[in-house]
Structures are given as structure tokens and as C-alpha cells.
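Enquirer: curious how this folds, go ahead:
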Amino acid sequence: MNIKENSDNNIANASDETASSHQGINIITVKPTCSVFTVQYCLLTHRDRQFVAFYDDERRITVGSRLLGHSHWAFFQPGGFWIDEKQRYSHVTEYDSHNYLTMAVDKDEYLHISGNMHVDPLIYFRSELPLDIFSLRCVKNMVGDRENRTTYPLFFKDHQGNLLFRYRDGMSGNGDDLYNIYDTQTRVWKRLLDTPLLNGENARNGYARLPTAGPDGFWHMIWMWRDTPHCETNNNLSYARSRDLVHWERFNGQPIELPITLSRGEIVDGAQSNEGLINMSQELGFDNQGRPVITYHRYDEKGFSQAYAARVEQDGQWHSHQLSQWTFRWDFSGGGSIPPDITISAVKTIGANQLAVEYHSKWCPPGVWVLNESTLEVIETQDCQPILPSEYLQPRQNIHPDAEVQLIPAINNDHRHGHDYYLRWESLPIFRDVFYGVSVPPSQLEVISIGNKE
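Expert: Reported below is the predicted structural model:
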């Protein structure tokens, strides 16, 4: 493939829908996809339509759409611009697991897509017609400032349905989190804040989850800081909340001056570098009383990996409660993407005075801790119930012995019609953002529909 060949072509073809041997599960074939490295795609369900963004077998950004209940997909590949530093076009990716794709639909039903960035110029596409993938066009700038070293793009919506966009300007160990808001009348982006929300002070960067709307009317946000590009330098798990995403405060209501820096933020767990904090295992949920609960991973006093849940208790302070009793250590270090060898879910309410936390680890079988809500103590450990039968969770396309199954849920899963949708494909493992060293055939990208037949 000639990487400098800037394609701006549209592609349309039919795909197949097959019934599973399991009742209520159907497979909608999408298209062959790149399998030489692991990177996350996006599946979005909006009213009676479904959209998918992925890389084809030549690593080009490809967008598909279909009507729910139909197995026919239409495909389009928007053209990009040339990136001198990377010697590639912006619509062609490399072997970097940071280069995921994300989508959103605004209040007027125009499509927005971003991704394929790791300290790169902003890569962003917007449709010129509502819900029309063929009118997607590359938009070089959102606001025109601090858009040359972008990573971690994410769309979300405020309580009024306005579309927002969060990204990092800078690099791991030295970066700021910026937020934009979109005006559907003028079709123009502007800054939500006149300052970064998280400011690394040229000494660190924050790894934050998107603000989460809580049952108490607040937006809640958690993050940890990192001092260098090396993952073992994560430190200081932190928290803030806001009514409007503009004015931020501590849990006790004390205002936080923006931008939020290490010294201004509220520290939940002051673990330092090499003490086991990792940005892949920090989640925010809420208990039955609507109180935020943070689940995360760090090392204990013996150096073993452990899972914790933190909550503000009656004394007004954050307290961490150890959930696991593991005797192994996830000893991570270095730069580049690494696999999530431990994942810990957000807490989920499962009835009066009980919470559940699901965990996965390469060193022990998966499970679910049942917690006493009053004390956050583990009162029972249950087997983890997989979301799909085992045949869908194991590689079956024979692309390579090391291939792994990738499975992500759709954004806006269409529960109104009794369906959950998942995007499934197979690829080589995460490998520090470099070429794995072997060439493999493309994988078949599939949508798995769970529920009654569409």
C-alpha cells in the first residue's frame, strides 16, 4: 500500500446476518478489519440506526452505517491530511494502541468522529448532513489553539444535551486536559473553560475518567497524576465534583481554583510512584445512597497487588477499604501501551445495603465481590457471569495463535427495544505501540445483537 495515496472514496456493500446457536443472539457481519494490533473501535446506536468506526485491513479509518433490523451496511472512508512527523495521512493509522476511534451525534443529528491520535495534530471529522456518513469531512481545527499534540479524544453530553469534547494537550508526564463545547446553531466549537481543567504544570499530566453524572445532580471526576511517560510513575488518586462542569469543588463543597493542579486537587489516596496506582484500574460508581465510591488498584505494605474501594465516610474524609487478599504483584513499568492485567469494575447496586464489584486478573479466575454497603467489606465472592457464551469469548478465526478477542459495548445500547449490541473482532495483543513482528490476515468484524430478533 502506498501510504501517501489519499483516498476519499465511498464504499457500499451488503453484509450477512446469521443466527447463533444460542437463543436471542444474532451476529451481523460488518467487514474485514485490521488485526495486526489492538486498538479500540466504536459502535454507536442512535434511534433506528447504528454506526461503526474502525480501521480496515489497510489501516484506513472506515465508517459504516445500517438501519436496525437490516444486515446491509454502507461504508465510507473519509480523507485526511498529511502528517509530516509520522509520514502518513491522518486517516491511516500505525501500530499504536492509543489511536482508538470515538463517535457522537449532536442535538441536530450531525455525526462527529475523532481519533487516531497520540501526541498528533487534532484529527476530527464532521458530517455535512444529519446521520449521513457520506458527508463526513475532515475539519482541521476545533478552536484553533493547542491542537498540535492531542491524545485521548472523548465526546460526551451535558445535562442539556450539548456536545462536549475532552482531550489531552501534551504528552504522558507533561500535559493538560482541555474541554470544548459545540454550538449546533453556528456549528462552531469553543472552549468550555478559559483554562485547562487539569494542569500538569509542565511536570506531570492527569489521567482522568470523563466526568460522570451522579444521582445527586453533581458531575463527579476522578484522576491520577503521572510524572513521566513510564506507567509506574502514576501517583495521587484524586477527586473533584461540579454542578455545571465549569465550577469545581471538593467533596465538602470547598471551591477549587482552576486549573486543578496537584496541590489544588482533593487527594483520595496519596500513593506515590512505584506504589501500584495504574490508570487502567480506576473506576467511579455510586452506592444505594448516591454516594460516590472509587475502585482502584495499588500495592499493599507487602508489595502485593490489591483492589480497594474508597468513599467519604461520616468524618468527612476519604477512607480506602481493601477488597482483595491477593498474593501476586502486577509489576508494570515503562512506556507505551500495556495490557490491563488487572481490571476492577465500578461498584454496582444489587439491593438494599449491598454492592457488587467485578474483577479480572491474569493470575486468578474472575469473580464478583459482594460488599456490605455500610462497611465496604467483602461479604461474599461469586463467580463472574460472562456477558456472552464462551464460544464468543475465545478466538475462532485462526488468524494467529496469539490473537485475542476484542469485545466492546455499543454507545447508547438500545434497551428500549430489548437489545444489547457488542462489537467483536480478533487481533494481536497490545504490544507497547510497536509492530508485533508478524503479519496476519484481517479479522472479521461483527456486531453481536443480544435480545429478540431485530
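
Enquirer: what about the helices in the chain?
Expert: 390-393 (DSSP state H).

Enquirer: residues near the nearest residue in space to Thr228 that is not next to it in sequence, how many?
Expert: Spatial nearest neighbour of Thr228, excluding adjacent residues (C-beta to C-beta, 6 or more residues apart in numbering): Gly173 at 4.2 Å. For the C-beta atoms, the positions are set from N, CA and C on the backbone; glycine is no exception. If you count neighbours by other C-beta atoms under 10 Å, Gly173 ends up with 18.

Enquirer: show me the shaky parts of this structure.
Expert: 1-21, 413-418, 452-454 (pLDDT under 70).

Enquirer: against the centre of it, work out the most remote residue.
Expert: Residue farthest from the centre of the chain, counting by C-alpha atoms, centre = their mean, is Asp315 at 33.7 Å.

Enquirer: could you pull up phi and psi at it?
Expert: Here is the backbone geometry of Asp315 (degrees, to the nearest 10): phi -80, psi 0.

Enquirer: distance of it from Ser35?
Expert: 52 Å (C-beta to C-beta, to the nearest Å).

Enquirer: for Ser427, same thing?
Expert: Ser427 sits 4 Å away from Ser35, going by C-beta to C-beta.

Enquirer: common neighbours of the two, please.
Expert: Common contacts of Ser427 and Ser35, defined by C-beta atoms under 8 Å, 6 or more residues apart in numbering, comprise Ile399, Ala403, Ser443.

Enquirer: counting neighbours, which of these comes out on top?
Expert: Ser443 (24 neighbours).

Enquirer: hey, what's it bridged with?
Expert: Beta-bridge partners recorded for Ser443 (DSSP bridges): Thr33.

Enquirer: pretty sure it is touching Val30, no?
Expert: No: counting by C-beta atoms under 8 Å, Val30 is not a contact partner of Ser443; they are 10.5 Å apart.

Enquirer: for Arg49, what are its contacts?
Expert: Arg49 touches Ser65, Arg66, Leu67, Leu68, Leu131, counting by C-beta under 8 Å, 6+ apart.

Enquirer: could I get those as a markdown table with neighbour count?
Expert: Output for these, formatted as a markdown table (neighbours: other C-beta atoms under 10 Å):
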| residue | neighbour count |
| --- | --- |
| Ser65 | 21 |
| Arg66 | 20 |
| Leu67 | 13 |
| Leu68 | 17 |
| Leu131 | 17 |
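
Enquirer: tally of neighbours for Asp108?
Expert: Asp108: 12 surrounding residues under other C-beta under 10 Å.

Enquirer: now it. Nearest residue, chain neighbours left out?
Expert: Thr184 (4.8 Å).

Enquirer: again with Met171
Expert: The shortest distance from Met171 to any non-neighbouring residue, by C-beta to C-beta, 6+ apart, is to Val119 (5.0 Å).

Enquirer: surely the one you found touches Tyr167?
Expert: No: in this structure, Val119 is not within contact of Tyr167 by C-beta under 8 Å, at 11.1 Å.

Enquirer: what do those two both touch?
Expert: Common contact partners of Val119 and Tyr167 (C-beta under 8 Å, 6+ apart): Thr150, Thr151.

Enquirer: those two: which has the busier surroundings?
Expert: Counted by other C-beta under 10 Å, Val119 and Tyr167 do not tie: Tyr167 has more neighbours, with 23 against 18.

Enquirer: Leu154 is in contact with that one, correct?
Expert: Yes: using C-beta under 8 Å, Tyr167 makes contact with Leu154 at a distance of 7.3 Å.

Enquirer: so how many other residues sit close to the closest residue to Phe218 other than its chain neighbours?
Expert: Using C-beta to C-beta, 6+ apart and skipping the chain neighbours, the partner closest in space to Phe218 is Arg241 (4.4 Å). Neighbours of Arg241 under the rule other C-beta under 10 Å: 21.

Enquirer: what sits against Arg241?
Expert: Gly214, Phe218, Trp219, His220, Met221, Trp248, Glu249, Arg250, Phe251, Pro292.

Enquirer: distance of it relative to Phe165?
Expert: For Arg241 relative to Phe165 (C-beta to C-beta), the value is 21 Å.

Enquirer: against Trp223, how distant is the closest residue to Arg250 other than its chain neighbours?
Expert: Spatial nearest neighbour of Arg250, chain neighbours left out: Glu266 (4.5 Å); criterion: C-beta to C-beta, 6+ apart. Per C-beta to C-beta, Glu266 is found 11 Å from Trp223.

Enquirer: what sits against Arg204?
Expert: Contacts of Arg204 (C-beta under 8 Å, 6+ apart): Gly173, Asn174, Trp225, Arg226, Asp227, Leu262.

Enquirer: typo on my end, it should be Arg137
Expert: Contact analysis of Arg137 by C-beta under 8 Å, 6+ apart lists Pro78, Phe125, Arg126, Ser127, Glu128.

Enquirer: quick revisit: tell me which of Glu266 and Trp223 has more neighbours.
Expert: Trp223 (23 against 20).

Enquirer: so what's that one closest to, chain neighbours aside?
Expert: Ala208 (3.4 Å).

Enquirer: wait, that neighbour touches His220, no?
Expert: No: between Ala208 and His220 there is no contact, the gap being 11.2 Å when judged by C-beta under 8 Å.

Enquirer: more neighbours: which of those two?
Expert: Higher neighbour count among Ala208 and His220: Ala208, with 23 against 20, using other C-beta under 10 Å.
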